[in-house]
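S.K.: Quick one, fold the following:
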Amino acid sequence: MSMVRLKDIAQVAGVSVMTVSKALRDEPDISEATRHRIRQIARQAGYVPNSAARDLRVKSTRQFGLVISALTNPLHTRVLMAVEEQAHELGYDVLFAQTLNNAEREERAIRRMLARRVDGLFIRPVYRPDPVARIYDELRRQRVPTVILGHRALFCSEFPNVQTNDLAAATALTQHLIELGHRRIACFTGPIFAPWAQERWEGYRRAMLAARLELDDRLVFHAGSTIEEGEAAALQMIQEAPAATAIMAANDLVAFGIANVLLDQGLRIPQDISLTGFGNALNAKHFRVPLTTVRQPKYRRGIAAVESMMALLAGQSVESKVLPAELVVRKSTGPVPKAPHAA
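M.R.: Have a look, this model is predicted:
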């Protein structure tokens, strides 16, 4: 026998599905006569309310919350697309919020999403030095299904995450420059507290040590993660003139900023100085000089995050996922210039 649906009862009773649903749930805004008639039809049809499905329905809002640093960041675009597309297929809507890398704003955004009873949260955390963060403690206490997009820090270490292997990729990137003959390789590091920035710096350090090259403090510049920060750090390097023949940038945006300054100063990339990014932003291939960078499987990362979320919702335990990243060599890296330029 096929299952009797609310729709079938509604057809026989000549009312809407909503009215049937309300009658069977004993909701007050229906006349006693209608309620009685609908219940009788349901009984005769052999309708059995599926309490498990009903419980799920009452608890679930079919909404996910997605919290990222900024919608303008091209390094997030593909991850967002993947999460939204997968969620859409599964019948979920996605609420977006931006933290703008501000911890208070992050907390407010998460609280608003919890108030709207989202079924789960995807969060690109605001990285901070503190080992604990109140809002993450609350998510853990309330057992809110949460997947961290990117690396974990101490304050969010108990949630499953999806990240790329930045350490191996940064090592490969540095080795690429060393193989081209570069010895004075400047490293423009990312935000101090960001674990991804630490991993990229560590990859650089390991490759330099493995090649027995000096780790010179004068070649290390604190850049950050934006185009503007890349420009500022590049101007600082030009002033200090540490005789670098290659630059490794914390990410593609920083690399774009560096390139803008160097090219505007009349330097040629890669003839005078080589430059690498990290992340393969959507515009890296079409930049003024097509950028050698690391391609992170951003779409795949979004899919993996949704897979982790669905496992959490099904009550399964979920491991961290580390996806490989690959070196993409384009026109911004080349051999060491014969006569080193002033840079």
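
S.K.: Show residues contacting stretch 145-160.
M.R.: 68, 79, 119-125, 127-128, 130-133, 136, 139-140, 161-163, 166, 193-196, 199, 301, 305, 308-309, 312-313, 318-321 (CB atoms under 8 Å, 6 or more residues apart in numbering). For the C-beta atoms, the positions are set from N, CA and C on the backbone; glycine is no exception.

S.K.: redo that, cut-off 7 Å
M.R.: Residues from elsewhere that reach stretch 145-160 (CB atoms under 7 Å, 6 or more residues apart in numbering): 79, 119-125, 127, 130-133, 136, 139-140, 161-163, 195-196, 305, 308-309, 312-313, 318-320.

S.K.: One more: stretch 213-230?
M.R.: 183-191, 205, 208, 233, 236-237, 240, 242, 244, 249-251, 253-258.

S.K.: Only the buried subset of those residues, as a ChimeraX command please.
M.R.: In ChimeraX syntax, the buried subset of the contacts of stretch 213-230 is picked out as below (16 or more other CB atoms under 10 Å):
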select :184,185,186,187,188,189,190,191,205,208,233,237,244,249,250,251,253,254,255,256,257,258
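
S.K.: low-confidence ranges in the stretch 51-200 of the chain?
M.R.: 51-58 (pLDDT under 70).

S.K.: so where do the strands sit in it?
M.R.: 63-68, 93-98, 120-123, 146-149, 161-164, 185-189 (DSSP state E, counting those that start in this stretch).

S.K.: Can you give me the domain assignment for this protein?
M.R.: 6-58, 62-164+297-324, 166-295 (automatic domain parsing).

S.K.: chain center to the shortest one, what's the gap?
M.R.: Just to be clear, that refers to domain 6-58. 43 Å (CA atoms, centre = their mean, to the nearest Å).

S.K.: dump the residue contacts of Met282.
M.R.: Let me fix one detail, which is that residue 282 is Leu and not Met. 74, 77.

S.K.: Distance-wise, check the residue nearest the centre of the chain relative to Pro125.
M.R.: The residue lying closest to the centre of the chain (CA atoms, centre = their mean) is Leu149, at 4.0 Å. To Pro125, Leu149 is 8 Å away according to CB to CB, to the nearest Å.

S.K.: What of Met248?
M.R.: From Met248 to Pro125 the distance is 24 Å (CB to CB).

S.K.: And these two? Which one has more around it.
M.R.: Met248 (30 against 26; other CB atoms under 10 Å).

S.K.: ok, how many other residues are close to the residue lying closest to Asn161 once chain neighbours are set aside?
M.R.: Nearest residue to Asn161, sequence neighbours excluded (CB to CB, 6 or more residues apart in numbering): Ile148, at 3.7 Å. Using other CB under 10 Å, Ile148 is surrounded by 24 other residues.
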